[in-house]
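In: sequence plus predicted model, see below.
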Amino acid sequence: MKFKKVLTAGAVVLTSAAALAACGSNNSSSGGSKKSINWEESAEIPTMDISKATDATSFNQLGNVTEGIYRLGKNNKVENALATSTKVSKDGKTWTFTLRDSKWSNGDKLTAKDFVYSWRRTVNPKTASQYAYLFEGIHNATKISAGKAPVNSLGVKAEGNNKLVVTLDKRIPYFKLLMGFPLFNPQNEKVVEKYGSKYGTASKYMVYNGPFVQKGWTGSNLSWKLQKNPNYWDKKAVKLDTINYSVQKTPSTAYNLYQSNKIDAVMLDSQQTKNLKNQSGYTLRNTAATFYLQYNQKKKLFQNANFRRAISMSINRKALGNALGGSNTPADSLTSKGVVNYNGKDWSSIVGSKEYSLYNPKEAQKLYKKALQETGIKNPSFSILSDDTDAGQKTTETLQSQLEENLKGLKVSVSNVPFKTRLSRSTSGNFDVVVSGWSADFADPISFVDLFTSKNSNNNGKWSNAQYDKLIADSKVTADTTKRYDDLEKSEKILLQDQGITPLYYKTEAWLVRPDIKGIVYNGAGLNYNFKNAYVSGN
């Protein structure tokens with residue numbers, strides 16, 4: 001998903017260029033209650049509309065205030081949420097979920113029809129969901145999104161109140177993991193219709209069915225709360241009464257708040273990481289996220305592969321990682337480290353290509369001169385877009401310095417804007433080069449490589465390669481696991497060889513977390529933070 005923490009992003013979802021920070025203590029600013037924790041977010045919430053969310057900030061909220069068929073436990077273990085049982089046909093194309101009795105926060109009964117409505121709404125082209133492509137493989141989803149089939153022909157139906165039947169056009173290897181991603185959670189049709197265009201734009205224009213309900217988000221403010229949902233079916237398992245959120249974009253400010261017990265965990269910047277790595281509560285979070293550059297292919301300069309390669313070889317990724325802090329490592333692949341192992345190896349090491357990701361200013365200068373000759377451009381210049389967070393600003397400043405130093409005559413300007421604005425500009429193509437980040441929606445390489453197929457709505461730079469598209473399409477229909485991974489490997493290597501995007505770093509966050517906060521489930525892929533069973537020890 002778009003990484004908000006992209007630059008956390010957010011995945012990324014894409015996500016925001018900063019810091020995530022986190023949880024609570026019995027000395028919290030909420031009056032000392034051991035049932036409250038204080039959580040820092042690094043970016044504003046763009047939306048609470050399931051069908052329109054694309055980023056880690058939004059999905060971290062949605063994953064705690066709504067609930068679907070499954071919930072992801074520790075190490076991405078799929079656990080029953082609203083489902084009590086699952087039956088799968090022998091050919092893997094028909095899934096039947098039996099749902100437990102549950103309610104919405106307004107008291108409405110939640111039924112299988114709420115899933116049908118939600119899924120149809122997301123794939124409906126009128127909704128313009130950037131995530132509709134994840135429904136591919138569910139019967140008619142792709143045709144519906146393209147406006148070539150009626151919305152009610154989607155392969156999902158309710159049989160009574162408590163049975164949901166999903167029909168697939170093809171076996172989907174990662175389907176069970178998909179069902180744990182909040183995009184597939186239910187929506188209340190009555191509430192969506194009641195609020196219309198306001199739906200999901202503020203806490204009061206929503207209804208919830210998860211462990212918590214959201215309070216106090218106006219759509220643009222920098223603080224809000226999650227409160228225990230009294231109508232949640234498993235409320236006895238929820239120990240926290242309140243999670244207090246505040247957006248902090250500056251690491252030094254966040255750390256001062258942590259020191260004064262006003263927030264209960266903090267993500268560290270580069271200097272803090274060095275100074276505090278031996279302190280109690282220090283921990284590393286693998287975000288399953290990669291940060292990379294997207295190039296606007298509508299601009300002549302970026303249509304040239306040698307120019308893109310020159311940029312990549314001019315970047316000292318180790319120096320960039322040191323500037324950002326945490327334990328970020330240089331990236332030579334799109335798929336992040338820690339997403340999936342295949343034949344005993346991390347997938348990123350299988351697909352990673354060092355040809356154009358190694359720092360080599362001399363070779364970069366050769367490619368740069370060649371690109372200028374090929375394009376006929378004499379005075380190249382462009383702007384790099386990123387978030388207005390500390391990490392976003394450090395990223396653009398570092399890239400600006402390295403590129404201008406290593407590519408003589410190149411002029412680079414920077415633009416750092418709020419996360420929500422950066423997402424909007426990225427989506428509309430209003431950029432030259434944009435720093436993007438993506439965190440796996442589920443633990444499979446397809447969550448990354450699917451992004452850069454020609455028609456994917458997250459392919460903001462509009463890079464296009466017919467062979468790449470075919471390999472991704474083939475990987476989705478084969479029943480042969482070996483062939484599937486072979487197609488995925490070939491596709492990513494095409495992307496990297498052409499520098500359709502330029503990988504920068506794999507995101508790992510260094511945190512200080514108070515040791516009395518227990519039970520938070522963190523997964524790099526999918527929903528990052530699951531607070532359902534979180535508690536303050538000694539309570």
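Out: Nice, I can see it. Numbering: from 1, shown residues only.
In: residue contacts, the residue lying closest to residue 160 once chain neighbours are set aside?
Out: Spatial nearest neighbour of residue 160, chain neighbours left out: residue 112 (7.2 Å); criterion: CB to CB, 6 or more residues apart in numbering. C-betas here are computed from N, CA, C, even on glycine. Counting by CB atoms under 8 Å, 6 or more residues apart in numbering, residue 112 touches 97, 99, 158, 159, 160, 161, 162, 163, 164.
In: tell me, how many residues neighbour the third one?
Out: By other CB atoms under 10 Å, 17 other residues sit near residue 158.
In: let me know whether it touches residue 118 as I believe.
Out: No - with contact defined as CB atoms under 8 Å, residue 158 and residue 118 do not form a contacting pair (11.5 Å).
In: circling back to that earlier point, quick check: the residue nearest to residue 160 vs residue 208, distance?
Out: To residue 208, residue 112 is 18 Å away according to CB to CB, to the nearest Å.
In: ok, now which ones touch residue 174?
Out: Contact analysis of residue 174 by CB under 8 Å, 6+ apart lists 442, 443, 444, 446.
In: now which of the residues you listed would you call buried?
Out: The neighbour-count test (16 or more other CB atoms under 10 Å) applied to the contacts of residue 174 identifies 442, 443, 444, 446 as buried.
In: would you list the residues you listed in JSON lines and tack on distance to residue 51, secondary structure and pLDDT?
Out: What follows is those, written out as JSON lines (distance: CB to CB, whole Å; DSSP: H, G, I helix; E, B strand; the rest coil; pLDDT from 0 to 100):
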{"residue": "442", "distance to residue 51": "18", "secondary structure": "coil", "pLDDT": "87"}
{"residue": "443", "distance to residue 51": "23", "secondary structure": "coil", "pLDDT": "86"}
{"residue": "444", "distance to residue 51": "22", "secondary structure": "coil", "pLDDT": "90"}
{"residue": "446", "distance to residue 51": "21", "secondary structure": "helix", "pLDDT": "94"}
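In: nearest to residue 280, of those residues?
Out: Of all the buried ones among the contacts of residue 174, residue 280 sits closest to residue 443, with 30.7 Å by CB to CB.
In: now residue 284, what's its secondary structure?
Out: Following DSSP: H, G, I helix; E, B strand; the rest coil, we place residue 284 in the strand state.
In: by neighbours, which of the contacts of residue 112 wins?
Out: Counting by other CB under 10 Å, top hit in those: residue 164 with 27 neighbours.
In: what bridges to that residue?
Out: Bridge pairing for residue 164 (DSSP bridges) gives the partners residue 97, residue 158.
In: give the contact list for it.
Out: 69, 96, 97, 99, 112, 115, 116, 156, 157, 158.
In: what score does it have for pLDDT?
Out: Confidence at residue 164, expressed as pLDDT, is 98.
In: ok, back up a step: go through the contacts of residue 112 and say which is closest to residue 485.
Out: Nearest to residue 485 out of the contacts of residue 112 is residue 97 (CB to CB; 28.3 Å).
In: tell me the contacts of the closest one?
Out: Neighbour list for residue 97: 69, 83, 85, 86, 112, 163, 164, 165, 166 [criterion: CB under 8 Å, 6+ apart].
In: please redo it, this time with the cut-off set to 7 Å
Out: Contacts for residue 97 (CB atoms under 7 Å, 6 or more residues apart in numbering) come out as 69, 83, 86, 164.
In: including distance to residue 358 and secondary structure, could those go into JSON lines?
Out: Formatted as JSON lines, the contacts of residue 97 follow (distance: CB to CB, whole Å; DSSP: H, G, I helix; E, B strand; the rest coil):
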{"residue": "69", "distance to residue 358": "44", "secondary structure": "coil"}
{"residue": "83", "distance to residue 358": "47", "secondary structure": "strand"}
{"residue": "86", "distance to residue 358": "46", "secondary structure": "strand"}
{"residue": "164", "distance to residue 358": "50", "secondary structure": "strand"}
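In: ranges for the helices of the stretch 251-400 of the chain?
Out: Under the criterion DSSP state H, counting those that start in this stretch, the stretch 251-400 of the chain carries helices at the ranges 251-259, 270-276, 305-313, 317-324, 347-351, 361-375, 390-406.
In: contacts for the fourth one?
Out: To tie it back to what came earlier, the one meant is helix 317-324. 270, 328, 329, 330, 331, 359, 391, 394, 395, 398, 504, 505.
In: redo that, cut-off 8 Å
Out: Taking CB under 8 Å, 6+ apart as the rule, helix 317-324 contacts 269-270, 328-331, 357, 359, 391, 394-395, 398-399, 402, 504-505.
In: where does pLDDT dip in this protein?
Out: Scanning the chain for pLDDT under 70 picks out 2-33, 326, 526-527, 539.
In: try 80 this time
Out: Low-confidence segments of the chain (pLDDT under 80): 1-34, 270, 325-327, 525-528, 538-539.
In: ok so, going back, turn the buried ones among the contacts of residue 174 into a markdown table, including distance to residue 496.
Out: Output for the buried ones among the contacts of residue 174, formatted as a markdown table (distance: CB to CB, whole Å):
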| residue | distance to residue 496 |
| --- | --- |
| 442 | 22 |
| 443 | 21 |
| 444 | 19 |
| 446 | 16 |
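In: tell me the one among the residues you listed nearest to residue 338.
Out: For these, the nearest to residue 338 is residue 443 (8.9 Å; CB to CB).
In: how far away is the closest one from residue 394?
Out: According to CB to CB, residue 443 stands 29 Å off from residue 394.
In: ditto for residue 265
Out: According to CB to CB, residue 265 stands 21 Å off from residue 394.
In: neighbour count for these two, which is higher?
Out: Per other CB under 10 Å, whichever of residue 265 and residue 394 has more neighbours is residue 265, with 24 against 21.
In: the more buried one contacts residue 514, doesn't it?
Out: Yes - if you go by CB under 8 Å, residue 265 and residue 514 touch, sitting 6.5 Å apart.
In: out of the contacts of residue 97, who has the most neighbours?
Out: residue 164 (27 neighbours).
In: distance check, that one against residue 131.
Out: As judged by CB to CB, residue 164 and residue 131 stand 20 Å apart.
In: same question, residue 256
Out: Separation of residue 256 from residue 131 (CB to CB) stands at 37 Å.
In: equivalent analysis for residue 437, please.
Out: According to CB to CB, residue 437 stands 16 Å off from residue 131.
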